[in-house]
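# Let's see this in three dimensions:
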Amino acid sequence: MSRTYFVYVLASESHELYVGVTNDLERRLAEHKAGLTKGYALKHGTTRLVHFEVTGDIRAAISREKQIKAWTRAKRIMLIEKDNPDWRDLSVS
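You can find the predicted model right below:
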């Protein structure tokens, strides 16, 4: 049975960024929006989905998450703005 994994970037209203990985993006976003996460994401209010990528390989997802986290802020912003220049919340229809 194949699985789907997501690398995602959340932003706050002030454009603080959080990068994560999950196998259930809908559930994970609900947790972030409900304030059920601990640490950075909760403290900084990063609840808007501004970028995500999909893969069927957990190792690739974790590697990509680490890669994005290692980037400069400017490079992460370029990644977001390439497909989402207005920083829309992609989880909202």
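# Please count neighbours and contacts with C-alpha atoms only from this point.
Will do.
# Contact partners for residue 88?
By CA atoms under 8 Å, 6 or more residues apart in numbering, residue 88 lies in contact with 48-50.
# after the least confident helix or strand in the chain by mean pLDDT comes which helix or strand?
Considering only helices and strands, the least confidently modelled element of the chain by mean pLDDT, DSSP states H and E is helix 40-44, at a mean of 85. Note on helix 40-44: by DSSP states H and E, the next helix or strand toward the C-terminus is strand 48-55.
# how far is stretch 8-17 from where the chain is centred?
8 Å (CA atoms, centre = their mean, to the nearest Å).
# who touches that stretch?
Contacts with stretch 8-17, where a contact means CA under 8 Å, 6+ apart, come from 18-21, 44-53.
# From these, pick the one nearest residue 91.
Among the contacts of stretch 8-17, residue 49 lies closest to residue 91 (CA to CA), at 5.9 Å.
# chain center to stretch 6-23, what's the gap?
3 Å.
# That one spans what distance, first to last residue?
Across stretch 6-23, the terminal residues are separated by 6 Å (CA to CA, to the nearest Å).
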